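Peer 1: Have a look; sequence and predicted model below, questions after that.
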Number of protein chains: 2
Amino acid sequence: MFHEVKQNKQPMKKAAVGIDIGGTNTILGIVDQKGNCLFEKEIFTDSGKGIVEYLHHLSDIIEEGKILIKDEYKIEGIGIGAPNGNTKTGNIEFAPNLPWKGVLPLVEEFRKIRVEPVILANDANAAAIGEMIYGGAKGMKDFLVITIGTGLGSGFVSNGRLITGHDGLAGELGHINVYRNGRLCNCGRRGCLETYVSAVGIKKTLHQLFRNYSTQSELRSVSFKDLDSRMITEAAMKGDKLAQLAFDYTGMVLGRKLSDVVALTSPRAIFVLGGVANAGDLIISPTKTSMEDNMMKVFSDKVEILPSFLNNNPAVLGSSALVWDKNFFQE
Amino acid sequence: MFHEVKQNKQPMKKAAVGIDIGGTNTILGIVDQKGNCLFEKEIFTDSGKGIVEYLHHLSDIIEEGKILIKDEYKIEGIGIGAPNGNTKTGNIEFAPNLPWKGVLPLVEEFRKIRVEPVILANDANAAAIGEMIYGGAKGMKDFLVITIGTGLGSGFVSNGRLITGHDGLAGELGHINVYRNGRLCNCGRRGCLETYVSAVGIKKTLHQLFRNYSTQSELRSVSFKDLDSRMITEAAMKGDKLAQLAFDYTGMVLGRKLSDVVALTSPRAIFVLGGVANAGDLIISPTKTSMEDNMMKVFSDKVEILPSFLNNNPAVLGSSALVWDKNFFQE
């Protein structure tokens, strides 16, 4: 009898939990191997109760999800994307925008609660793995993902594996230098790429343009604090010259640095995602032009800049992809 | 009888051929797995007779070497390091300093003559593999080798594998930009790192210092054409202030760019070799200071800059190491 029941049952399908920890919200999803999201829930990252409570809360949501997806799926692992998440140590290290300060042993703590394998990566690295597993980088072994949001993050893949560096902290494209004595960066130095190419960067650029030009712009009546990159995108789309110029300048700076990045790592494609990247061609077109203008001849017209294919749900897809990327379990 | 003879024989030891193709000379060596050079010979690269003759000449030298090392060793493969050597295609592509122009199918041609596996890489990439197999990077999975000679070459290793990029052309550290509208580069653009950090670069810097300062220097009486980097090294060691300043400036420029490179790839160590690097602390010390001054805090005091451990014979060791690096045979 027992054997008969077993045989009637379908073999269990595989699913992965993806958790994206952001400064304000944490999104948890359960995703199948094709990238279909079977379950998703969002909570506030800062519950005010500390990390252990927070992880128990996430664990409860996983159980909630498991009831919903029934016995059809087996959870193969839990992938977590977080700012300053270090794959090699399993710690979140000195993340300025998260409620927990210093070094947080996230994987160690979560393993006390969950039986599944837990893999942590920084959010941009998780996005790169997501792009490779579900997105536009399927079958690619050398590519780059750039997240242009509040800051500028990056994930480099070479030979089909993430470049993490010896300490797990590689991929800080946002902190290469553009101008000596340039804009002050949160990292304490001056002139980092992130201070030009990010939501905050483009706001600063627009205000610089306000000072340098007398051209009219509807955004002149918005305070710096109230201004956000989506408003700049919308104004540019409606023909606002200074908003368009702000995108052109941002793309010019990014393109110059990408020509250097191509010389070092020669990616087949560069994928962009995040708030500023959602402006599409407004940012991609000047970036591409500037990159080609500055490119070493052997790399000319070889590298595409593309919007991420994860744009419908990069947070959950990126982090869940960590589970399918076997390379993380190696070594 | 036959069996008895075989049993009395020692099992054959393994050896690899390493060939380094330079603009003037080609060096061929046979090396055991520990990096001991068993045989070595140097010929002119430009025999004036074309590539097929040249490869037959190299093949004859291999046979000459095989007689010398007797039956004790079996040749496992032939590694070749050459400027613009592309591992993925097996071609030497548009190498400005070699006698053959355009795209040269070196591996294909050599395989018509030899039975052993043939592996080609650019010279700096071969040096990186050499450093990993025989040198200071043994056991390291993330590091960087910089060759500072006539030009500036680099080989990046990440996760224990060379970063070649999708087209085999990655690692062009010499061609990232230092100054917009800077010095004219052989690549046709301006301000490339190689125009500052190379044997030619340091000569240009010294002549710039001659113009900007009235300080005495014995090198003022040497023409630009006759000047070479070894003379600058010797003068600096004897206390020549402007020669020392030329090294300081070169190191400052290199260190700034290395701080960016560390942010992207987070290597455990950076190895330097080649003519200018032979100046030792004269170049390493200002490079290290400048790199640390510009480094993102999380990477501070983590990355060593070291002279290459292959300095006695980088050309032959680097190229022969390609044979032992199994990753080249994968995919």
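Peer 2: That came through, no problem.
Peer 1: Let me see the contact set for the residue of the stretch 51-200 of chain A found nearest chain B.
Peer 2: Residue nearest to chain B within the stretch 51-200 of chain A: A:Gly165 (2.3 Å; CB to the nearest CB). Yep, even glycine has a C-beta here, placed from its N, CA and C like the rest. Counting by CB atoms under 8 Å, 6 or more residues apart in numbering or on different chains, A:Gly165 makes contact with A:171, B:142, B:158, B:265-267.
Peer 1: The nearest residue to it once chain neighbours are set aside and B:Val303, how far apart?
Peer 2: Distances taken as CB to CB, 6 or more residues apart in numbering or on different chains place B:Ser266 nearest to A:Gly165, at 2.3 Å, with adjacent residues excluded. Using CB to CB, to the nearest Å, B:Ser266 is found at 8 Å from B:Val303.
Peer 1: same thing with A:Ala16?
Peer 2: Remark: distance between A:Ala16 and B:Val303 (CB to CB) = 35 Å.
Peer 1: more neighbours, those two?
Peer 2: Ranked by neighbour count (other CB atoms under 10 Å in any protein chain shown), A:Ala16 and B:Val303 place A:Ala16 first, with 27 against 24.
Peer 1: Give me the local confidence score for that one.
Peer 2: pLDDT, A:Ala16: 96.
Peer 1: right, and A:Leu104 touches A:Thr89 too?
Peer 2: No. The criterion here is CB atoms under 8 Å, and A:Leu104 misses it with A:Thr89 at 10.3 Å.
Peer 1: So between the two, which is more surrounded?
Peer 2: Ranked by neighbour count (other CB under 10 Å), A:Leu104 and A:Thr89 place A:Leu104 first, with 22 against 17.
Peer 1: any idea how far the spatially closest residue to the more buried one that is not a sequence neighbour lies from A:Ala82?
Peer 2: Setting aside the residues directly before and after it, A:Leu104 is nearest to A:Ile92 in space (CB to CB, 6+ apart), at 4.4 Å. If you measure A:Ile92 against A:Ala82 using CB to CB, the figure is 5 Å.
Peer 1: shared neighbours of those two, which are they?
Peer 2: A:21, A:98, A:106, A:120.
Peer 1: and these as a markdown table, adding secondary structure?
Peer 2: Below are the shared contacts of A:Ile92 and A:Ala82 laid out as a markdown table (DSSP: H, G, I helix; E, B strand; the rest coil):
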| residue | secondary structure |
| --- | --- |
| A:Ile21 | strand |
| A:Leu98 | coil |
| A:Leu106 | helix |
| A:Leu120 | strand |
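Peer 1: what two of these are the furthest from one another?
Peer 2: Distance extremes for the shared contacts of A:Ile92 and A:Ala82: the farthest pair is A:Leu98 and A:Leu120 at 12.8 Å, using CB to CB.
Peer 1: who touches both of those two?
Peer 2: With CB under 8 Å, 6+ apart, A:Leu98 and A:Leu120 have common neighbours A:82, A:92.
Peer 1: Now for the residue nearest in space to the middle of chain A: which residues touch it?
Peer 2: Central residue of chain A (CA atoms, centre = their mean): A:Ala124, 3.4 Å from the mean position. When contacts are counted by CB under 8 Å, 6+ apart, A:Ala124 is found next to A:145-147, A:153-155, A:171.
Peer 1: What of A:Gly201?
Peer 2: Contacts of A:Gly201 by CB under 8 Å, 6+ apart are A:152, A:183, A:194-195, A:250.
Peer 1: Let's see that with 10 Å instead.
Peer 2: Contacts for A:Gly201 (CB atoms under 10 Å, 6 or more residues apart in numbering or on different chains) come out as A:148, A:150-152, A:174, A:178, A:183, A:185, A:192-195, A:229, A:246, A:249-250, A:253-254, A:276.
Peer 1: Check which helices and strands the helix or strand where A:Thr147 lies sits against.
Peer 2: If you go by DSSP states H and E, A:Thr147 is part of strand A:143-148. If you count contacts as 3 or more CB pairs under 10 Å, 6 or more residues apart in numbering or on different chains; DSSP states H and E, strand A:143-148 packs onto helix A:123-133, strand A:152-158, helix A:199-212, helix A:241-265, strand A:269-273, helix A:281-293, strand A:304-307, helix A:314-324.
Peer 1: Run the angle between the third one and helix A:241-265 for me.
Peer 2: Taking axes from the mean of the first three to the mean of the last three CA atoms, to 10 degrees, one finds helix A:199-212 and helix A:241-265 inclined to each other by 130 degrees.
Peer 1: CA atoms of helix A:199-212 as CSV?
Peer 2: Below are the C-alpha coordinates for helix A:199-212, written out as CSV (Å, rounded to 0.1, in the frame of the first residue of the first chain):
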residue,chain,number,x,y,z
ALA,A,199,19.8,58.6,-7.8
VAL,A,200,21.6,61.0,-5.5
GLY,A,201,24.3,61.7,-8.1
ILE,A,202,21.9,62.7,-10.8
LYS,A,203,20.0,65.0,-8.4
LYS,A,204,23.3,66.7,-7.6
THR,A,205,24.1,67.0,-11.4
LEU,A,206,20.7,68.6,-12.1
HIS,A,207,21.2,71.2,-9.3
GLN,A,208,24.7,71.9,-10.8
LEU,A,209,23.0,72.5,-14.1
PHE,A,210,20.4,74.8,-12.5
ARG,A,211,23.4,76.9,-11.3
ASN,A,212,25.3,76.9,-14.6
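Peer 1: where's it relative to the chain centroid, distance-wise?
Peer 2: Distance, stretch centre to chain centre, for helix A:199-212: 24 Å (CA atoms, centre = their mean, to the nearest Å).
Peer 1: Can you list the buried residues in the helix or strand just after that helix?
Peer 2: Downstream of helix A:199-212, the next assigned helix or strand under DSSP H and E is helix A:229-237. Within helix A:229-237, the residues scored as buried using 16 or more other CB atoms under 10 Å in any protein chain shown are A:229, A:231-233, A:235-236.
Peer 1: how about stretch A:76-83, does it reach chain B?
Peer 2: No. Interface with chain B: stretch A:76-83 contributes nothing (CB under 10 Å from any CB of the partner chain), its closest point being 12.7 Å away.
Peer 1: which of the residues in that stretch are buried?
Peer 2: Of the residues in stretch A:76-83, A:76-83 count as buried by neighbour count, 16+ other CB under 10 Å.
Peer 1: quick one: terminal-to-terminal distance for stretch A:212-220?
Peer 2: 13 Å (CA to CA, to the nearest Å).
Peer 1: which of the residues in that stretch are buried?
Peer 2: A:217, A:219.
Peer 1: tell me the average confidence for it?
Peer 2: Computed over stretch A:212-220, the average pLDDT equals 96.
Peer 1: Next: stretch A:66-77.
Peer 2: 91.
Peer 1: For that stretch, buried residues please.
Peer 2: So for stretch A:66-77, counting by 16+ other CB under 10 Å, buried means A:66, A:69, A:73, A:75-77.
Peer 1: What is the end-to-end distance of it?
Peer 2: 13 Å.
Peer 1: repeat for stretch A:43-59
Peer 2: End-to-end span of stretch A:43-59 (CA to CA): 12 Å.
Peer 1: cool, stretch A:65-82 as well?
Peer 2: Counting by CA to CA, you get 21 Å between the two ends of stretch A:65-82.
Peer 1: With stretch A:111-126 instead?
Peer 2: End to end - CA to CA - stretch A:111-126 spans 19 Å.
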